[in-house]
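Q: fold the following and give me the result.
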Amino acid sequence: MATATKYIELKTEIPGPRSQSVLARIDKATPRATSVYAPLVIDKAHGSLLTDIDGNTFIDLTGGVGVLNVGHTHDKVRQALHEQVDRFLHTDFTVVPYESYVRLAERLNAKFPGGGPATTVFFNSGAEAVENAIKIARAYTKRKGIIAFERAFHGRTLMAMTLTSKVHPYKAGMGPFAPEVYRVPFPYPYRCPYAQGSLQHECDETCYQAIEQALMLQVAPEDVAAVIVEPVQGEGGFVVPPKSFLPWLRAFTERHGILLIVDEVQTGFGRTGKFFATEYANIRPDLLTMAKSIADGVPLSGVMGRAEVMDGPGDSQIGGTYVGNPLATAAGNAVLDIFEEEDLLSQAEKQGEYLMTRLSAMQKKYPVIGDVRGLGAMVAIELVKDPQTKEPYSDLTARILNYALHHGVIMLKAGIYGNVIRFLAPLNTPLDMLEEALNILEKAFEEEGQH
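A: Alright, predicted model coming up:
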């Protein structure tokens, strides 16, 4: 049982009896691929607090895996959904269009990094956005090759899974994969294989040379349609590349007539302190994928890009029955209203500053925290057995997360080795709530770090 707290309230052991009953039914009713991380069953949630069916209230630092940047069940989103339900639920935009789709596209086009003219098309999931971005790139360039990065995650449909780097649990036994995909290194300052992370500018130069060499050894640049990259790698471990990386990559692609696709599914919608993380690089991509926090949990994704490129596919070559459905676009417009009214970008910066300061202080006390890194509120810590060897400490990571969960804080891991703890709290999470959560995390290091 947890000690006295302001926000966390634990009334039972975790999982409680009612949650245990539903969890047992999950095992019988759903396949093992839908394995559940947190052994609790939600009853309700608002903001950054989640209450299970046993009456236990948790601080949620996962945000539905980066989906809830405006928080659980924001009142403005709920109101927009209620109003839309009363009007109509579905037409298929390409059969009978509706204004909310157009308005959301217009508002997002105005935010395209580097400026317009830009256009947007909507889909249902991040993976679907990635699949269609590749189709658009190939249609426009008349080329086939796609370059992806080590540790990348782009989804679990066929092309998206091919682009994804992590074999277990995503790709093992799932081949054959899509052809014409080539993989190159991604700059990882903490684990630079070329300069051992000793000097970041060395990591820059050597990584960039390795990327170019790897590409030249695999495929002719004139056969490459696009490079797809996450501005900050998400599932790969919240890896923040050097500031010069995206400008270098943009220049490289332009030299060879290759399109640049930035995957902002997890980094977008204010997570990094900018509306899109690409803005930090001061570049103009050709295509941008978005999803997750675009509609506060209502399934919606999109591809935005230079208008000329977006017009590469012919009529009906991209789309789908449910894409950009009226409920989702209503929620999406409400999310943009919330960003404007609550100044969530400045809140993201403040959250990130707090997390980096507090976690850096913890790093000095606990050497197992090998790295503290982040951009805006997209922050993570990487656990290692030894700061010198940097051997991943995956089992301790699991124990830390389990301790936190059973004391009222829900967090997730990331990284190829499962040794990274990532923070994806709603951007409007009160700082004293974050403090309460991090107090639990620090207690976890005190108790579990001794084992």
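Q: from Pro285, how far off is Ile26?
A: As judged by CB to CB, to the nearest Å, Ile26 and Pro285 stand 40 Å apart. Glycine gets a C-beta too; all of them are placed from N, C-alpha and C.
Q: which one of the two has more residues nearby?
A: Ranked by neighbour count (other CB atoms under 10 Å), Ile26 and Pro285 place Pro285 first, with 29 against 12.
Q: can I assume Arg151 is in contact with Thr164?
A: No: counting by CB atoms under 8 Å, Arg151 stays clear of Thr164, with 9.4 Å between them.
Q: how about stretch 334-341: buried residues?
A: Buried residues in stretch 334-341, defined by neighbour count with 16 or more other CB atoms under 10 Å: Ala334, Val335, Leu336, Asp337, Ile338, Phe339.
Q: over to stretch 370-386?
A: Going by 16+ other CB under 10 Å, stretch 370-386 has these buried residues: 370-385.
Q: Cys207: which of those is nearest?
A: Arg373 (16.0 Å; CB to CB).
Q: where exactly do the helices run in the stretch 301-450 of the chain?
A: Ranges of helices within the stretch 301-450 of the chain are 307-310, 326-342, 344-365, 394-406, 431-448, based on DSSP state H, counting those that start in this stretch.
Q: quick check: which of the ones you listed is buried the most?
A: Among the helices of the stretch 301-450 of the chain, judged by mean count of other CB atoms under 10 Å, the one packed with the most neighbours on average is helix 326-342 (a mean of 21).
Q: against which helices or strands is that one packed?
A: Judged by 3 or more CB pairs under 8 Å, 6 or more residues apart in numbering; DSSP states H and E, the packing partners of helix 326-342 are helix 75-85, helix 99-109.
Q: can you add distance to Pro169, mean neighbour count and mean pLDDT and give those helices back as a markdown table?
A: Converted to a markdown table, the helices and strands packed on helix 326-342 look like this (distance: least, CB to CB, whole Å; neighbours: other CB atoms under 10 Å; pLDDT from 0 to 100):
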| stretch | distance to Pro169 | mean neighbour count | mean pLDDT |
| --- | --- | --- | --- |
| helix 75-85 | 32 | 16 | 98 |
| helix 99-109 | 33 | 18 | 98 |
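Q: need those helices in CSV with distance to Asn69, can you?
A: Putting the helices and strands packed on helix 326-342 into CSV (distance: least, CB to CB, whole Å) gives the following:
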stretch, distance to Asn69
helix 75-85, 11
helix 99-109, 15
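Q: now for those, which one comes closest to Glu128?
A: helix 99-109 (16.0 Å).
Q: got any ranges where the chain has weak pLDDT?
A: 1-4, 195-202, 450-451 (pLDDT under 70).
Q: just checking, Gly297 is part of a helix?
A: No: counting by DSSP: H, G, I helix; E, B strand; the rest coil, Gly297 is not part of a helix but coil.
Q: list the residues that contact both of Arg151 and Thr164?
A: By CB atoms under 8 Å, 6 or more residues apart in numbering, Arg151 and Thr164 have no common neighbours.
Q: what residue is smack in the middle of this protein?
A: Gln266 (2.3 Å; CA atoms, centre = their mean).
Q: which two from the buried residues of stretch 370-386 end up farthest apart in space?
A: Gly376 and Lys385 (29.3 Å).
Q: just the strands in the stretch 101-250 of the chain please.
A: 118-123, 145-149, 181-184, 224-229 (DSSP state E, counting those that start in this stretch).
Q: out of those strands, nearest to Lys390?
A: Closest among the strands of the stretch 101-250 of the chain, using CB to CB: strand 145-149, at 20.3 Å.
Q: residues near Gly320, how many?
A: Neighbours of Gly320 using other CB under 10 Å come to 15.
Q: count the residues that sit near Val36.
A: For Val36, using other CB under 10 Å, the count is 13.
Q: before we move on, what SS does it have?
A: coil.
Q: gap between it and Val77?
A: Counting by CB to CB, the gap from Val36 to Val77 is 25 Å.
Q: what's Gln20 in contact with, if anything?
A: Pro39.
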